[in-house]
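Q: coordinates only, sequence not included:
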């Protein structure tokens, strides 16, 4: 990722769609190499999840102050969660190993049973690879034994099963964010109205005109730029530092703020 930062991610001649294609063709295969054999832990899942979303934000130049959720980011780039991609790979491998000859080492390892005297070594993961495959198969309405027999006797039916499961994961609905965006906008407008009402009350009482100079008004405007970057993107107020703000200027500015 760092080697592609200056040459590709920061290149102004490439569209965002082209950068996402480069990420999908060059970065994801390296990240997911051998993921069909992973025993996914909580830490590994969070690290892969954060790497995917953080990389897309870095590619598109999205900052934390833009208030862009991960769901909206994936919808814009037409990508999926890395954790969903990882879940697709163990099922085909399980079917391939089931169709191996009985003398194959991989077939013997998966078909072997643990002895009653065996104990999990200290520090190892509690869930094994077969247990994770069993969880994925239960979502398809099968178990390890039934999937093993289906993969050996009816491989086309087994392939159709996990292909349908892959399609479900690939087209998993992303929750609609219109209500969240409306609620966030309403919250911003409510905070703006409250601050404007309080600021206008101070202005009418003569406190701002007496004690607050232009320098403090610049600090106040910068604070609003930081709190509401999406709403005040057109608001640019330039006030000299040594000139106090009068009643008329305060009233006009406060009445014009919601319009921007």
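A: It's in. A quick note: this is a predicted structure, and the numbers were derived from the prediction, not measured.
Q: name the nearest residue to residue 157, sequence neighbours excluded.
A: Nearest non-adjacent residue to residue 157, counting by CB to CB, 6 or more residues apart in numbering: residue 150, 5.9 Å away. (Glycine included, C-beta is placed from N, CA and C.)
Q: that neighbour: which element?
A: Using DSSP states H and E, residue 150 maps to helix 144-153.
Q: by contact count, what packs against that helix?
A: Secondary-structure packing of helix 144-153 (3 or more CB pairs under 8 Å, 6 or more residues apart in numbering; DSSP states H and E): helix 90-98, helix 129-139, helix 155-170.
Q: give me whichever of those helices is most buried.
A: With neighbours taken as mean count of other CB atoms under 10 Å, these reach their highest mean count in helix 90-98, at a mean of 19.
Q: can I get the helices and strands packed on helix 144-153 in CSV with mean pLDDT?
A: As requested, these are exported to CSV (pLDDT from 0 to 100):
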stretch, mean pLDDT
helix 90-98, 86
helix 129-139, 83
helix 155-170, 72
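Q: list the buried residues in the helix or strand that contains residue 74.
A: Per DSSP H and E, residue 74 falls inside helix 70-77. Applying a neighbour-count criterion of 16 or more other CB atoms under 10 Å, one finds 70, 73-74, 77 buried in helix 70-77.
Q: and these, which is closest to residue 96?
A: residue 74 (29.8 Å; CB to CB).
Q: and for residue 126, nearest residue in space, chain neighbours not counted?
A: That would be residue 120: by CB to CB, 6+ apart, it lies 7.1 Å from residue 126.
Q: isn't the residue nearest to residue 157 right up against residue 159?
A: No: Residue 150 is not in contact with residue 159 according to CB atoms under 8 Å; the separation is 9.7 Å.
Q: what separates the residue nearest to residue 157 from residue 133, distance-wise?
A: For residue 150, the distance to residue 133 (CB to CB, to the nearest Å) stands at 14 Å.
Q: and what of residue 84?
A: The value you get for residue 84 to residue 133, if CB to CB is used, is 16 Å.
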